[in-house]
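**Student:** Okay, sequence plus prediction incoming.
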Amino acid sequence: MPLMGEKKKLSKKAKGWLIAGIAVSALALFYVAPGIIAGNIVFDHLFARRLSNKEDLDGPLYDAVAAQRDFPELSLREEVSFPSGKYQLSGYVYKPVSPKGLILSCHGMGGQADSNESALIPHFLAKDYAVFSFDLTASGSSEGKGWDKGLRQGTHDVKSAENYIKSRTDLSSLPLALVGHSVGAYGVMTSISYDQTPFAVIAFSGYDTPNTFMIHSAAKTVGDWAYATVPTFDLVDLARYGTDSFISASDVIKSHPETPYFLIHGTKDETVDYKKSSAAYQVQKMNLPNAELYIREGIAHAAPWLSQEAHDAYYEGMKKTKAYQKGKLSEEEFSAFALENKPKTKELDPSLFLAVDAFLDNHFPN
C-alpha cells in the first residue's frame, strides 16, 4: 500500500490501455473529426443545391452547342409531371406515329432533359420508339433543393419514372428500354435492383459505385492524400445516404443475367475515369455474358453519343463559352463562333448507333 504523497505506479497493462486511449483520442481529434467535417462540406457543396435550372438553356453555352430546341422534329411533345420522393419531376413524352417500344432516357449531373442528350431522341423516334425523357430532382424544370440521395439520386428518380410509365396504359403496353448518361447511367444500370423489367439497358459513361467515384474525383483535385480520407468519407456517405451509395452497378448487372446491357465509355473520360471509376471497366474484368462494351477512343465524358467531329465541336463550345464568360472573347467574337459551331454538335456517331440499333433489335421481345 503506497504511503501518502507517493505516486502509484501503473501496471504495464494499464499503461498500454492509456497509450491506446491517447492514440484513439488523437485519431478522433486530428483525423476522424476533420474528415467528417470535410466530408459533409463536400457533400453539401455538391448536392445540397439545385444542379441545373430551365433558364440555363438560355445561357451562352446553348448558343454554342445544340439542345432540344435545335431539333425541329422534337417540337411536338407531351409535358407531364410525376412524384419522386417529396418532389414533382417534369417529364416529356415524344411519340412516333406507331411506336413499337419505349425508351426511358435519364440525363447526367448538371444537365437536364432538354440539354445535349436530346440529340439521342430523333434517332430513336426514327426507329419507331416513343421516348420519355425527364428532369432529375433539382434539375431543369423539376422541383427540389438538392439531391437527397447523393449520386444515387438517378436510381430513385428512374424508379419513379418507371412507376409513372406503369400508370399509363399507352406507355406501359410498350416494351421498355432504359438509356442513361453519367449519374443517369448509374440510375438505369441499378434501377433493375428494384425489380423493374426493361428488355435492354444502355449506359453512357456510367460509374460503378458512388463512393469510389467520389474518392477518385477528389484525388484528381487534391492528390493521392484523398485516398486517406476513404474511411471518413464512407462514414459520411453511410450516415447521409445509407448503404445505397455502396451498391455496385457491375454487381447488379452480374446478379441479373436475364437483362442485356450495352455500356459505352470513352478512353479520355476525365470525369468517370475508365479504369478507376467506370462500370464498364469492372464489367470487362468480370467478363459478364449479358453485357456488351463499346469503348470509344479519344472520347471524353460529355456527349459520348456524338461523332468524333461533333464531340470535338461540343468541347470547343464549352471552351469558348468559358473564355467568353471570363471576358477573353468579345460578344461579337463569341456570337460568330457560336453561330458556326452549334450545327456541328448534332451528329450522332454512325458506327456506335449501328451497334446500338443491332443491340436493341437483337433483344427486342418477340
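**Tutor:** Okay, I see it.
**Student:** Helices of the stretch 251-366 of the chain, residue ranges please.
**Tutor:** Counting by DSSP state H, counting those that start in this stretch, one finds helices in the stretch 251-366 of the chain at the ranges 279-286, 308-325, 331-341, 350-363.
**Student:** For Glu73, which non-adjacent residue is spatially closest?
**Tutor:** Pro122 (5.0 Å; C-beta to C-beta, 6 or more residues apart in numbering). C-beta coordinates here come from the backbone N, C-alpha and C atoms, glycine included.
**Student:** Hmm, Leu74 and that neighbour touching each other?
**Tutor:** Yes - Pro122 is within contact range of Leu74, at 6.7 Å (criterion: C-beta atoms under 8 Å).
**Student:** coming back round to it: now for the residue nearest to Glu73: which residues touch it?
**Tutor:** By C-beta atoms under 8 Å, 6 or more residues apart in numbering, the contact set of Pro122 is 71, 73-74.
**Student:** next one: His363
**Tutor:** Neighbouring residues of His363 by C-beta under 8 Å, 6+ apart: 199-200, 260.
**Student:** So it versus Phe132, what's the distance?
**Tutor:** 19 Å (C-beta to C-beta, to the nearest Å).
**Student:** where in the stretch 1-150 of the chain is pLDDT low?
**Tutor:** 1-46, 48 (pLDDT under 70).
**Student:** for it, what spans make up the helices?
**Tutor:** Under DSSP H, counting those that start in this stretch, the stretch 1-150 of the chain gives helices at 12-27, 33-47, 61-64, 121-126.
**Student:** Let me know how buried the closest residue to Leu352 other than its chain neighbours is, in neighbour terms.
**Tutor:** Spatial nearest neighbour of Leu352, excluding adjacent residues (C-beta to C-beta, 6+ apart): Tyr294 at 6.3 Å. Tyr294 has 19 neighbours, counted by other C-beta atoms under 10 Å.
**Student:** any idea how far Tyr294 lies from Phe353?
**Tutor:** Tyr294 is 10 Å from Phe353, by C-beta to C-beta.
**Student:** again, but for Lys268
**Tutor:** Taking C-beta to C-beta as the measure, Lys268 falls 20 Å from Phe353.
**Student:** Quick one: residues contacting the residue nearest to Leu352.
**Tutor:** 262-265, 352, 355.
**Student:** Kindly recompute the last result at 7 Å.
**Tutor:** Neighbouring residues of Tyr294 by C-beta atoms under 7 Å, 6 or more residues apart in numbering: 262, 264, 352, 355.
**Student:** Now, of those residues, which are buried?
**Tutor:** 262, 264, 352 (16 or more other C-beta atoms under 10 Å).
**Student:** What is the nearest of these to Arg49?
**Tutor:** Among the buried ones among the contacts of Tyr294, Ile264 lies closest to Arg49 (C-beta to C-beta), at 28.9 Å.
**Student:** The closest one contacts Phe204, correct?
**Tutor:** Yes - in this structure, Ile264 is within contact of Phe204 by C-beta atoms under 7 Å, at 4.9 Å.
**Student:** Okay, the closest residue to Gly140 other than its chain neighbours and Ile295: tell me how far apart.
**Tutor:** In this structure, Gly140 finds its nearest non-sequential neighbour in Gln112, 3.2 Å apart by C-beta to C-beta, 6+ apart. The gap separating Gln112 from Ile295 is 27 Å, by C-beta to C-beta.
**Student:** now Tyr94, nearest residue through space, not along the chain?
**Tutor:** According to C-beta to C-beta, 6+ apart, the nearest residue to Tyr94 is Val131 (4.5 Å).
**Student:** quick one: contacts for the one you found?
**Tutor:** Counting by C-beta under 7 Å, 6+ apart, Val131 has contacts 94, 103, 105, 121, 124-125.
**Student:** again, only this time at 8 Å
**Tutor:** Val131 neighbours (C-beta under 8 Å, 6+ apart): 93-94, 102-103, 105, 120-121, 124-125.
**Student:** what residues does stretch 330-337 touch?
**Tutor:** 60, 63-64, 320-321, 323-324, 329.
**Student:** in this structure, which spans are strands?
**Tutor:** For the chain, the strands defined by DSSP state E cover 78-84, 87-94, 101-106, 129-134, 176-181, 200-204, 261-266, 291-296.
**Student:** Please identify the most buried of the ones you listed.
**Tutor:** The highest average neighbour count among the strands of the chain, using mean count of other C-beta atoms under 10 Å, belongs to strand 200-204 at a mean of 29.
**Student:** Show me how far that strand is from its chain's centre.
**Tutor:** In terms of C-alpha atoms, centre = their mean, to the nearest Å, the centre of strand 200-204 is found 12 Å from the chain centre.
**Student:** Which strands or helices does it pack on?
**Tutor:** Here strand 200-204 touches strand 176-181, helix 183-190, strand 261-266, helix 350-363, going by 3 or more C-beta pairs under 8 Å, 6 or more residues apart in numbering; DSSP states H and E.
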